[in-house]
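In: heads up, no residue letters with this:
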C-alpha cells in the first residue's frame, strides 16, 4: 500500500542547533506537504512541494523534494523554543481524491 | 485558506453509545472531506474519504459499520462512532482540500468510559 516513512521519531536539540527530519515514500508522489502540530492542536500547513528537486525556504526552514519525487526533508536552522512541536510530512499520491498519507511525524523538543 | 469547523471539540461517552462528530466547511464547498484518527503521540491515520452525495471510501482495516460517514451537503460531513468502546478513544480530525492543500478542523477528542 501507499506509505510514507518519516525519521527520526524524536529529536531533542539545544536552542540554536539545527534540526532535520526526513521522509521517504515507496512510490512516486504527486506532491509532498509539511505540517506542524503543536501539543493539543491540529496540524497546520507549512508548505507544499510539487516539482522534482524543488527547494523552498521559509525564514529558517528549508524544504527539499527529491529528484525522484519519493523523498523530502525539512531542515530548521538555529532552532528556537517556538519551533517545538511535531512535524509531519504528508504525501499525495496520484489518482483518487488527492488523499494525504501522513508520515509518523518527528517530535522536536528544544531546550533553552 | 479554507475554514473547517469541527464540533464537538471534546466528548466523553459511555461504552456502547454512539457519538456524532460534525465537520462544516464555512467558506468553501467541499465535495470531498477526509477523516483521520490520531492516537496519542502518533501520526494521523486516514480512516475514510467522504464524498458528497455518495458513499464514503474507507481505508483498509476501518470498519464501515462502526464509523458511519455521511456527507449530505457540500458543507457538512459527519462521522458517527457507533457502539463506542474504550479502544475507540482517540483524536478524530477532518480535513478538506482547497486545491491540493489540506485544511483541518480543530479535532474532536473522544473518550469512551
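Out: Now that the structure is in, tell me what you want to look at. Since this is a predicted model, take the numbers as computed values, not measurements.

In: anything in the helix or strand bottoming out on mean pLDDT in chain B near chain A?
Out: Sorted by mean pLDDT, DSSP states H and E, the helices and strands of chain B end with strand B:101-104, the least confident at a mean of 85. Yes: against chain A, strand B:101-104 shows contacts by Cβ under 8 Å from any Cβ of the partner chain at B:101-104. Quick note: C-beta positions are derived from backbone N, CA and C, even for glycine.

In: Quick one: name whatever helix or strand follows that strand.
Out: Next in sequence after strand B:101-104, counting helices and strands by DSSP states H and E, comes strand B:108-112.

In: Going by contacts, tell me the helices and strands next to that following strand.
Out: strand B:10-13, strand B:19-25, strand B:90-98 (3 or more Cβ pairs under 8 Å, 6 or more residues apart in numbering or on different chains; DSSP states H and E).

In: what is residue B:91 paired to in the beta sheet?
Out: The partner list for residue B:91 in beta bridges (DSSP bridges) reads residue B:38, residue B:109.

In: number of nearby residues for it?
Out: 18 (other Cβ atoms under 10 Å in any protein chain shown).

In: Hmm, it is touching residue B:37, no?
Out: Yes: between residue B:91 and residue B:37 there is a contact at 7.1 Å, judged by Cβ atoms under 8 Å.

In: Show me the residue at the heart of the chain, geometrically.
Out: Going with chain A. residue A:89 (3.7 Å; Cα atoms, centre = their mean).

In: Not quite, go with chain B.
Out: Nearest to the geometric centre of chain B sits residue B:35, at 4.0 Å (Cα atoms, centre = their mean).
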